[in-house]
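Asks: what's the 3D shape of this:
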Amino acid sequence: MFEYELQRIHTAELIRRADNQRLVRAVREAGREARRQARRAAKDTGEERDEGPGGRFARAA
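Replies: All right, here's what the predicted structure looks like:
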C-alpha cells in the first residue's frame with residue numbers, strides 16, 4: 001500500500017510539473033506575440049527604426 005501511495009504522489013508531482021511547463025510556454029508565446037504585434041503596429045505607423053546605409057552610428061570625420 002505504501003508503494004502505491006508513493007506512486008500516486010509521484011504521478012501528481014509529474015502532472016503539476018507538466019502543467020507548470022505548459023503555463024510557462026503559454027506565457028512566453030503570449031509575450032512573443034505581443035512583441036510581434038507591437039512591431040507590426042510601429043511599422044504601420046511609420047515608427048520603425050531608421051537604419052540607413054551607415055547603420056546605427058554616425059560616420060567618423
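Asks: Find the residue ranges of this protein scoring beneath the pLDDT cut-off.
Replies: For the chain, the stretches flagged by pLDDT under 70 are 47-55, 61.
Asks: what about the helices in it?
Replies: Listed in chain order, the helices found in the chain under DSSP state H are 2-45.
Asks: In space, not sequence, find me the middle residue of it.
Replies: Arg28 (2.4 Å; Cα atoms, centre = their mean).
Asks: Look up how far Ile9 lies from the residue of the chain most remote from its centre.
Replies: Going by Cα atoms, centre = their mean, the residue of the chain most distant from its centre is Met1, 42.9 Å out. For Met1, the distance to Ile9 (Cβ to Cβ, to the nearest Å) stands at 13 Å. C-betas here are computed from N, CA, C, even on glycine.
Asks: do the same with Phe57
Replies: Using Cβ to Cβ, we find Phe57 at a distance of 59 Å from Ile9.
Asks: Tell me which of those two has more neighbours.
Replies: Between Phe57 and Ile9, Ile9 has the larger neighbour count (other Cβ atoms under 10 Å), namely 10 against 6.
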